[in-house]
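Asker: Show me the folded form of this:
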Amino acid sequence: MFTALVLSLLVLGLAWANGANDVAKGVATLAGSGIVNARRAVAWGSICTLLGGCAAVLWGGALVSTFSDGFLQSGFPISMGFVGGVVTGATVWVVLATRLGLPVSTTHALLGGVVGAALFLAGPAGLHTAAVTNKALLPLLLSPVIAIGLCWLLLLGARYVERKIPAWSPGCCDKEAWQKNPYLCADNAGQLPLPLVQKIWVGLHWLSSGVTSFARGLNDVPKISAFLILVVALTPGLPLAVSQQQAVWPIMAVTLMMMCGSLWGGYRVLQVLAHRVTAMDARNGLAANVGTSFLVLAATPLGLPVSTTHVSTGSLMGVRWADGARPNQRDALKLILFGWVITLPLAALMAAASLWLMRIFTGDGV
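Answerer: This is a model prediction of the structure:
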């Protein structure tokens, strides 16, 4: 029981770290476009993530199954040691990346943990290579590319709408104020309240940001919950054959910890995504959110573990390239790409190292 308690706390710690690192992916456009300050953006993202996690009780079953045993060969001996290795590798890396303000993928980290732990315990024969490739690596690699193209198309449509919005010109008003309300440059701006069209525009941005955070919770909660469910199933003496109904409390526990992590530590990564990928306003922020939420929501019922980190950053890249933005000294794209490349192998190495240490200190085969 002590081992089960430690592993449960470790899984919940990963959920906390995921919240701190990932909440920015849904609300970076709100803060980056100046619609709202960082604190309110994080609070909004945390609430919508909570709702997405609750929805995972109904719609997250395919992802729970994928991360429970979908990447392993039939007959692989899933043990407490295996679960501990996977979660330790993912948690250590996500916590470290969050402290550094580096947006990384918890999905990638968990996949790396599964690969590293399985290779350590059983070698290549323990992995279901086709499932790892088709259900994880391909979606993870293709989703950012699709997000870039989708946001490009959305921005073309936004520019058509934008022709009806007053353009900024020097002297008409402050440019930052115009980004929040373009109608300040209208001829009769002094007599008009915030126009209905602009209210709708800002409202859609809030809605799209909320849907993106909802989609993140819906896609990420089942991946982490799968390991808490495994801990319950592997604990001797617990009268639980984990069914969909009995998986409710692990999913809700992960959801609550993820929301708490978001509220506690979501600001470091937010500053990077909101201000160091591309300049944003209500128009391109809305396009980025719509692209991200569409792809993540479409992938979840199919059991495809796309990374909200990769998709949202791909959407921001699409915005940047569509706008023709040039690199600058504070550009975070190199940092983000570096995180993409090293997350999986580092998490795999950390998972294998944790199992090696367990074997040394416990003296058994974990």
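Asker: So, low pLDDT: which residues of the stretch 101-250 of the chain?
Answerer: Along the stretch 101-250 of the chain, segments meeting pLDDT under 70 span 155-169, 171-173, 178-198, 237-246.
Asker: Just give me the residue right at the centre of this protein.
Answerer: The C-alpha lying nearest the average C-alpha coordinate of the chain belongs to T308 (CA atoms, centre = their mean; 3.6 Å).
Asker: Spit out the contact partners of the residue lying closest to that one once chain neighbours are set aside.
Answerer: In this structure, T308 finds its nearest non-sequential neighbour in R216, 4.4 Å apart by CB to CB, 6 or more residues apart in numbering. In this view, the C-beta of every residue, glycine as well, is placed from N, C-alpha and C. Each residue near R216 by CB atoms under 8 Å, 6 or more residues apart in numbering is listed here: 22-23, 25-26, 49, 52, 296, 308.
Asker: Of these - the most surrounded one?
Answerer: Most neighbours among the contacts of R216, by other CB atoms under 10 Å: G26, with 35 neighbours.
Asker: Can I take it that that one is in a strand?
Answerer: No: applying DSSP: H, G, I helix; E, B strand; the rest coil, one finds G26 to be helix, outside a strand.
Asker: Report pLDDT for it.
Answerer: pLDDT, G26: 78.
Asker: Name the nearest residue to it, ignoring sequence neighbours.
Answerer: Nearest non-adjacent residue to G26, counting by CB to CB, 6+ apart: S213, 3.4 Å away.
Asker: residues near that neighbour, how many?
Answerer: Residue neighbour count, defined by other CB under 10 Å, stands at 32 for S213.
Asker: what do you get for M80?
Answerer: Neighbour count for M80, taken as other CB under 10 Å: 17.
Asker: before we move on, what about Q73?
Answerer: 15.
Asker: Was I right to think the residue nearest to G26 contacts G45?
Answerer: Yes: if you go by CB atoms under 8 Å, S213 and G45 touch, sitting 4.3 Å apart.
Asker: which neighbours do those two share?
Answerer: In terms of CB under 8 Å, 6+ apart, S213 and G45 are both contacted by the residues 23, 26-27.
Asker: wait, which of those is closest to L137?
Answerer: Closest approach between the shared contacts of S213 and G45 and L137, by CB to CB: G26, at 24.0 Å.
Asker: any idea how far that closest one lies from A136?
Answerer: Distance from G26 to A136, counting by CB to CB, to the nearest Å: 22 Å.
Asker: okay, now the nearest residue to V269 once chain neighbours are set aside: neighbour count?
Answerer: Using CB to CB, 6+ apart and skipping residues adjacent in sequence, the residue nearest V269 is A24, 4.3 Å away. Number of residues near A24 (other CB under 10 Å) recorded here: 29.
Asker: same thing with L154?
Answerer: Per other CB under 10 Å, the neighbour tally for L154 reads 23.
Asker: any idea how far R216 is from it?
Answerer: For L154, the distance to R216 equals 19 Å [CB to CB].
Asker: what's the answer for T3, then?
Answerer: 31 Å.
Asker: Just the buried positions in the top helix by length along the chain, please.
Answerer: Ranked by number of residues, the top helix in the chain under DSSP state H is helix 196-234. Buried residues in helix 196-234, defined by neighbour count with 16 or more other CB atoms under 10 Å: 198, 201-202, 205-206, 208-234.
Asker: and the angle for the helix or strand following it with helix 196-234?
Answerer: Using DSSP states H and E, the helix or strand that follows helix 196-234 in sequence is helix 248-265. Angle of helix 248-265 versus helix 196-234, following axes from the mean of the first three to the mean of the last three CA atoms, to 10 degrees, is 130 degrees.
Asker: outside of whichever helix or strand comes after helix 248-265, which residues touch it?
Answerer: Downstream of helix 248-265, the first helix or strand assigned by DSSP H and E is helix 267-275. When contacts are defined by CB under 8 Å, 6+ apart, helix 267-275 is touched by residues 20-25, 27-29, 31-32, 38, 41-42, 98-103, 280, 312-313, 316, 330, 332, 335-336.
Asker: mind redoing it with 6 Å?
Answerer: With contact meaning CB atoms under 6 Å, 6 or more residues apart in numbering, helix 267-275 is reached by 21, 24, 28, 31-32, 38, 101, 103, 332.
Asker: Go through the residues you listed and flag which are in helices.
Answerer: Members of the contacts of helix 267-275 lying in helices (criterion: DSSP H): 21, 24, 28, 31-32, 38.
Asker: now, the most widely separated pair of those residues?
Answerer: Greatest spatial distance among the ones in helices among the contacts of helix 267-275 (CB to CB): N21 and G32, at 17.2 Å.
Asker: circling back to that earlier point, tell me the one among the contacts of R216 nearest to D174.
Answerer: Proximity of the contacts of R216 to D174 (CB to CB) peaks at G26, which lies at 28.0 Å.
Asker: quick one, what contacts the closest one?
Answerer: Contacts for G26 (CB under 6 Å, 6+ apart) come out as 45, 209, 212-213, 216.
Asker: Format those residues as CSV; extra columns: distance to W16.
Answerer: Listed next are these as CSV, based on distance: CB to CB, whole Å:
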residue, distance to W16
G45, 15
S209, 22
T212, 20
S213, 16
R216, 15
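Asker: Show me what stretch 248-258 is in contact with.
Answerer: Outside stretch 248-258, the residues within contact range by CB under 6 Å, 6+ apart are 12, 15-16, 18-19, 53, 56-57, 221, 224-225, 228-229.
Asker: Which two of the residues you listed have the greatest separation?
Answerer: W16 and V57 (19.9 Å).
Asker: Those two: which is more packed in?
Answerer: It is W16, of W16 and V57, that has more neighbours when counted by other CB under 10 Å, with 24 against 19.
Asker: Distance-wise, check that one relative to V114.
Answerer: As judged by CB to CB, W16 and V114 stand 20 Å apart.
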